[in-house]
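Engineer: Could you work out the structure for the sequence below:
(2 chains)
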Amino acid sequence: MRFDLSQDQKMLVDTAASFAKKSSPVARARRLRADPRGFEPAVWKQMAELGWLGLCLPEQVGGFAGRFIDLALVIQQLGATLVPEPILPTVVLGGTALVAAGDSARWLAPLAAGELQVSLAVWERGGRFDPTWCETRAEKSAKGWRLSGEKVWVPGGHAADLFLVAARTGGSPGQAAGVSLFAVDRAALAALPVQTIDGRRAASIRLSSVEVGADRLLGGEGQAAPIIERALEAGCAAAAAEATGIAQAVLDMTVAYLKTREQFGALIGTFQALQHRSVEMFVETELLRGHAIEACLRIDEGDQEERHRAVAAAMVQVASGGRFVARQGIQLHGGIGCTDEHDVGLYLKRMQALSQMLGDEQHHLARFADLTQTRVAS
Amino acid sequence: MDLSISPEHEAFRREVRAWIQEALPPDLKAKAEVDAHFEMPESTRWHKILHQRGWAAPHWPAEWGGPGLDPTSRFILSEELELAGTPPLSPFGLAMVGPLLMQFGTAAQKQRFLPKIISAEEIWCQGYSEPNAGSDLASLRTAATKDAAGNYVVSGQKTWTTYAQYADWIFCLVRTDARGKKQEGISFLLIDMKSPGIEVKPMLTIGGTPAFCETFFTNVVVPAENLVGPEGGGWTLAKALLGHERTLIASVGASGRAVKRVKRIAEETKANGRRLIDDPLVRSRIAALEIRLRGLQMANYRALAGAQHGKAPGPESSILKLRGSEVTQQCYELAMELMGEDALTWFNEPGVVPPIEEWVPSSFCYTRATTIYGGSNEIQKNVIAKYILGLPGK
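Structural biologist: Residues are numbered from 1 along each chain as shown, chains lettered A, B, ... in the order given. Sure, this is the predicted structure:
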């Protein structure tokens, strides 16, 4: 086992850290909350030029065929200043699904070049974080397929050019078999932008007898559940990496505050109650870092069972340890931490979003339990 | 970065596992099966068996009889021993005074003591804490004065001298100078437990097992050659030793074993017609515990990979004692809850509760000590706040 960075990884981390600090301080994320797009195309293009968008994509589509951990290291650094560009929705969720589906070069090449935003549309009302709870239907038509249904909280869906829509071609909600994935252009469906707690945006989408060509079916008919699972797991691992960057930033700003703020004639950092609380924040941050590293490494290393376990464990730690750090960050800043003008609240909100957008604590705990515990009753 | 384990290390793990199955005597194996408390003589027996195989002191250099294993192999060895539930070896000689003598002892002291520590011919205990010097160790008052012949004469009381009733030697922090700062004037002495003037009073632990002791010193004569390091330099040694101790206490293997026990109890216990393991609430509590253990394991691996590649311990290693001790406690807390009414049992005849439950109440009680010994968790937090987070002192 090795956990130190290679020379290449060090360069990647340095570039991302300096980008976050100089080109995208938190003030930028704050400003872009008011922007209907929520990010800047010029910056997205810059990220493509830096090679980040294609980092884990195949060379044939202009990618660098890197390991997932490389991308995760960048994401962690960008998390530290809440960089709002949609790497998680487009590159991780969209890109992973397209790669897993195979035969997707026509979309992956523009994705890597920064010319295409992709969103994975799987969640439905009534299906709590279960991607197989799919009531959206796809029926064979003269041209190919006709899709009808609704999806909610589609990450990055407000700005997506292409939606990867889960729709059922067989079976019934809750069954993995029969779920198919379709590439649908934005123009073909109705996307309603919605605001999210972290100052970003998603979309609710409605498909009313949307006609798509036969070539828009990704992967085999009824075979998309493993593709979607793979994409969601990559998304979770990336979320854990981003959460690590956020937790570290909150810890840093909180410790810095304890070293400057005075009350009762003393620096509040001398108070043992606050010292011990910040140590708890430090411990949870380190545990989160370990979970995130393991989950990210297991995205393309080792067996599937271990990947499932590592990803579920990491998401539980995001929800427990990660959110603990963010909440205590507010507490230790006192009243100023509860204002919109202080940055610490922005971190809390992003942490909360990360902990619930791809399965919440209960979901991942139950999943982990099913992976590690027997059931005696049938 | 990668999670791969080398084929050599995989093979070493298999070798250790197979050897334990063969070498652990049947009566100890039976106790391991129910995670019973091992008495000191049982630990010593197992120590001698391990010593014959060359594995009693995995972290000792070859010069002093260590097996010359790399950090990962050492970790594998200790993890497998813990996972198999083998008797834990007394840390006082192997992990504490031994390494300290290697670092600070004279050639004669090394020659005299180290071979008998590794062979378990001599058993050691620790004389640090006193009734009024616990977390505030530097307040210790056991006094050593010089007599006309140049010997030290020691008088005072030490507490938590675990297993002193079995010990041949005790290493002690004593006050040789009461003037000046309290950290100065402390010296490190090796004292023969057979010396006249030593009295040992064993105490039961909260777990009902005889481990703790109080040890009283009345004008005990100690030859000057048994001073380690310079007179008045004991505090430096004490701090170095606490460092050695802390790295031992993550106990991921032992907690892993405790989690397995929790799961077995959940699988084998029915409540109101349903197995506990089928209760979603129980399932999620076990999962949460196992995830905490997993996080700790990764912290351990990160510290280990650093050591394997020759790096100084990073921030991740400082959290091992803190969280490791808490996870151990949480395992037994959950086991107690899953046992329901059976959790009331206290050293009954076999058959009153299932064998897997028998020792849980005692262990539940005894593991309260894990967040206290080796520097309480509150002291650990003070240390992390100061040295890692750089928070200001008063």
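
Engineer: When you work out contacts or count neighbours from here on, use the C-alpha atoms and nothing else.
Structural biologist: Noted.

Engineer: Tell me where chain A has helices.
Structural biologist: Per DSSP state H, chain A carries helices over the ranges A:7-18, A:26-32, A:41-49, A:68-79, A:95-101, A:105-113, A:225-258, A:272-299, A:304-317, A:323-333, A:344-357, A:361-372.

Engineer: Which of these sits closest to B:T161?
Structural biologist: helix A:272-299 (29.0 Å; C-alpha to C-alpha).

Engineer: Chain B contacts on the stretch 251-378 of chain A?
Structural biologist: Proximity of the stretch 251-378 of chain A to chain B (C-alpha under 8 Å from any C-alpha of the partner chain) is limited to residues A:255, A:258-259, A:267, A:269-270, A:272, A:275-276, A:278-279, A:283, A:286-288, A:290-291, A:294, A:297, A:301, A:313, A:316-317, A:362, A:365-366, A:368-369, A:372-377.

Engineer: Go ahead and name everything in contact with whichever strand or helix holds B:D27.
Structural biologist: B:D27 belongs to helix B:26-33 when elements are defined using DSSP states H and E. Outside of helix B:26-33, the residues within contact range by C-alpha atoms under 8 Å, 6 or more residues apart in numbering or on different chains are B:H37, B:F38, B:E42, B:A84, B:G85, B:T86, B:P87, B:I356.

Engineer: Enumerate the residues of the stretch 201-350 of chain B near chain A.
Structural biologist: Residues of the stretch 201-350 of chain B lying near chain A (C-alpha under 8 Å from any C-alpha): B:263, B:267, B:275, B:277-278, B:280, B:283-284, B:286-288, B:291, B:294-296, B:298-299, B:301-302, B:305-306, B:315-316, B:319.

Engineer: ok now stretch A:15-25, how far from the chain's centre?
Structural biologist: Offset of stretch A:15-25 from its chain centre (C-alpha atoms, centre = their mean, to the nearest Å): 20 Å.

Engineer: Check which residues of that stretch are buried.
Structural biologist: A:A16, A:A17, A:F19, A:A20, A:K21, A:S24, A:P25 (16 or more other C-alpha atoms under 10 Å in any protein chain shown).

Engineer: mind putting those in a markdown table, pLDDT and distance to A:H158 included?
Structural biologist: Converted to a markdown table, those look like this (pLDDT from 0 to 100; distance: C-alpha to C-alpha, whole Å):
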| residue | pLDDT | distance to A:H158 |
| --- | --- | --- |
| A:A16 | 98 | 26 |
| A:A17 | 98 | 28 |
| A:F19 | 98 | 25 |
| A:A20 | 97 | 24 |
| A:K21 | 96 | 27 |
| A:S24 | 97 | 22 |
| A:P25 | 97 | 24 |
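
Engineer: Those residues: which ones sit near chain B?
Structural biologist: With C-alpha under 8 Å from any C-alpha as the criterion, the buried residues of stretch A:15-25 include none near chain B.

Engineer: ok, the residues you listed vs chain B, which is closest?
Structural biologist: Chain B lies nearest to A:A16 out of the buried residues of stretch A:15-25, by C-alpha to the nearest C-alpha, at 18.0 Å.

Engineer: For the helix holding B:D27, what is the distance to the chain centroid?
Structural biologist: Distance, stretch centre to chain centre, for helix B:26-33: 21 Å (C-alpha atoms, centre = their mean).

Engineer: can I see the domain layout of the chain?
Structural biologist: In the absence of a named chain, this looks at chain A. A:7-117, A:120-222, A:226-372 (automatic domain parsing).

Engineer: that's the other chain; I wanted chain B
Structural biologist: Domain ranges of chain B: B:7-89, B:124-233, B:249-387, per automatic domain parsing.

Engineer: Export the ones you listed to TSV and append columns for mean pLDDT, distance to A:E341 and mean neighbour count.
Structural biologist: Shown next, in TSV, are those (pLDDT from 0 to 100; distance: least, C-alpha to C-alpha, whole Å; neighbours: other C-alpha atoms under 10 Å in any protein chain shown):
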stretch	mean pLDDT	distance to A:E341	mean neighbour count
domain B:7-89	94	49	17
domain B:124-233	95	43	19
domain B:249-387	90	28	19
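
Engineer: Shouldn't B:Q109 be within a strand?
Structural biologist: No - counting by DSSP: H, G, I helix; E, B strand; the rest coil, B:Q109 is not found in a strand; it is helix.

Engineer: Number of residues surrounding it?
Structural biologist: Number of residues near B:Q109 (other C-alpha atoms under 10 Å in any protein chain shown) recorded here: 17.

Engineer: swap in the one 4 residues further on?
Structural biologist: B:F113 has 18 neighbours, counted by other C-alpha under 10 Å.

Engineer: Distance check, it against chain A.
Structural biologist: 36 Å (C-alpha to the nearest C-alpha, to the nearest Å).

Engineer: Just the element for that residue, please.
Structural biologist: Here B:F113 is assigned to helix B:107-118, by DSSP H and E.

Engineer: Please identify the most buried of the domains of chain A.
Structural biologist: Highest mean neighbour count among the domains of chain A (mean count of other C-alpha atoms under 10 Å in any protein chain shown): domain A:226-372, with a mean of 22.

Engineer: Now do the end-to-end distance for that domain.
Structural biologist: 20 Å (C-alpha to C-alpha, to the nearest Å).

Engineer: Likewise for stretch A:209-224?
Structural biologist: Using C-alpha to C-alpha, the end-to-end distance of stretch A:209-224 comes out at 21 Å.

Engineer: circling back: chain A: which of the contacts of helix B:26-33 is nearest?
Structural biologist: When the contacts of helix B:26-33 are compared for distance to chain A (C-alpha to the nearest C-alpha), B:I356 wins out at 18.0 Å.
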